[in-house]
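Enquirer: requesting a structural model of the entry that follows:
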Amino acid sequence: MSVEQARLQELGDVLVRLRNYPRGPRYRARFADAGGDISLAVRGVVRAIELLTHHGSEVSVGDVANQLAIEPSSASRQVDLAVRHGLVTKTSSADDARRLALHMTDRGRELAALWQQRREEHLAAALAGWSDEDVAALQRLAARLADDIDALEG
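Expert: Predicted coordinates:
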């Protein structure tokens, strides 16, 4: 099935708007008292480590780079910033002495939980007028799109 060019352009524009919303002043204001000086990139590193840690294996800078779809050198710089903010520590890997294992600190876990709460509050406010069926459809279709894009990248 072919998708109409105008529809692709509109969808692309919507995706750009969604990608940019965390940079907006109202969204950023939700985080002012929760490590507001910590960049979105560093918050992304903390979230990536949090997600990867749930898989049970050690997390490396390379794992963070893969999770965030960024270059390892960029991930390394962002991890270093997370370390400077006291959100993450680096230790020698138990599996491979050449690798560093990343671990969230207590402060990192506390802020990650607070950031998750603030993201959910923001989404809840945006979706307040939506029906449960519409929210479920959005979640299902967004997940499907993300899966299909992952498959193209994979």
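Enquirer: can we go C-alpha only for contacts and neighbour counts from here?
Expert: OK.
Enquirer: do a quick rundown of the strands in this structure.
Expert: Secondary structure of the chain (DSSP state E): strands at 88-92, 100-104.
Enquirer: tell me, how many residues neighbour Gly36?
Expert: Gly36: 12 surrounding residues under other Cα atoms under 10 Å.
Enquirer: and it, what does it touch?
Expert: Arg28 (Cα atoms under 8 Å, 6 or more residues apart in numbering).
Enquirer: packing partners for the helix or strand of the chain with the lowest mean pLDDT?
Expert: Ranked by mean pLDDT, DSSP states H and E, the weakest helix or strand in the chain is helix 25-29, scoring a mean of 78. In this structure, helix 25-29 packs against no helix or strand, with contacts taken as 3 or more Cα pairs under 8 Å, 6 or more residues apart in numbering; DSSP states H and E.
Enquirer: contacts for that helix?
Expert: The contact list for helix 25-29, computed with Cα under 8 Å, 6+ apart, reads Tyr21, Pro22, Gly36, His122.
Enquirer: give the buried subset of those as a PyMOL selection command.
Expert: Per 16 or more other Cα atoms under 10 Å, the buried members of the contacts of helix 25-29 correspond to this PyMOL selection:
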select buried, resi 122
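Enquirer: between the contacts of helix 25-29, which is nearest Met104?
Expert: Closest approach between those and Met104, by Cα to Cα: Gly36, at 18.2 Å.
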